[in-house]
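[1] Next comes the sequence, and after it the predicted model I'd like to discuss.
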Amino acid sequence: MKVEQTDIEGVLVLTPKVFGDERGYFFESFNQKVFNDATGLNLNFVQDNQSKSQKNVLRGLHFQNPPYEQGKLVRVLKGKVLDVALDIRKDSKTYGKHLTFQLDAIENKMVWLPPGIAHGFVTLEDDTEFFYKCTNFYNKESEDCILWNDESLSINWETKDPILSEKDKEGKQFKSFSSKF
C-alpha cells in the first residue's frame, strides 16, 4: 500500500496494490496489519457505512463532536465522487483549510480522515456507491454539519445545483461555528 501525506496534517491518501489481468482484478480493500504498518497508526474500526446516490447528490460537511468523534477511512465502490476534507481542529495550523480528492472505483484510492476533519462528498456519476470505515459508533446527539457552500470556505464542489438533504441545507456557517476539537 502506498501512503501519501497531504497538506492537512493527518489526512492521508492510500493506494492499494491492485493485481489485474485479462479476467479482472483483485486487491485487499482493507487489512488491519498492512494499514497500521503503512500509516504508523493503531486504530480500531468499529462501524462500516455505505451509501448509494444518484449523480449530483452532495452529503456533508459532517462530523461528530467529542467524545464521539470519528476517524474515517473512505473510498468509492462504484462510480466517482469529489471528496472534501475540512480541518476543524482549532489548534491546527490548517484550521479552516480544505482539500478535495477525486475518488473512483477505477483507481481504488482511499482517504484517511482523522477525528477533527469535517467530511463531505458530491457524486459525479449515477449509482455511485460510497463506503467508509469509522473508529467510533454513530451518535445522533453529537453529529454536526458545516454548511457545504459557506462562502468563507471557497470550496469548489464542481456543481452548481446539488441534491441536498434538509440537514445539509441547514449546516452551520463556519464563521459562527465553535469547534470542540
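    Ah, there it is.
[2] Longest helix in the protein, please.
    Among the elements of type helix in the chain, defined by DSSP state H, the one spanning the most residues is helix 32-39.
[3] Okay, buried residues for it please.
    For helix 32-39, the buried set under the neighbour-count rule, 16 or more other C-beta atoms under 10 Å, comprises 35, 39. Quick note: C-beta positions are derived from backbone N, CA and C, even for glycine.
[4] The spatially closest residue to residue 98 that is not a sequence neighbour: what secondary structure?
    Closest residue to residue 98 in three dimensions, ignoring its sequence neighbours and counting by C-beta to C-beta, 6 or more residues apart in numbering: residue 86, at 4.4 Å. Remark: residue 86 carries the secondary structure label strand [criterion: DSSP: H, G, I helix; E, B strand; the rest coil].
[5] hmm, back to that, what does the longest helix of the chain contact?
    The set of residues that contact helix 32-39 without belonging to it, under C-beta atoms under 8 Å, 6 or more residues apart in numbering, is 1-3, 12, 14, 28, 41-43, 45, 73, 112.
[6] same thing but at 6 Å, please
    Taking contacts as C-beta atoms under 6 Å, 6 or more residues apart in numbering, the residues outside helix 32-39 that touch it are 1, 3, 42.
[7] do stretch 68-78 as well
    For stretch 68-78, the surrounding residues in contact (C-beta under 6 Å, 6+ apart) are 64, 103-105, 110-115, 129-136, 139, 142.
[8] Spit out the contact partners of the residue positioned nearest the centre of the chain.
    Among the residues of the chain, the one closest to the centroid is residue 119, at 4.7 Å (C-alpha atoms, centre = their mean). Neighbouring residues of residue 119 by C-beta under 6 Å, 6+ apart: 60, 62, 113.
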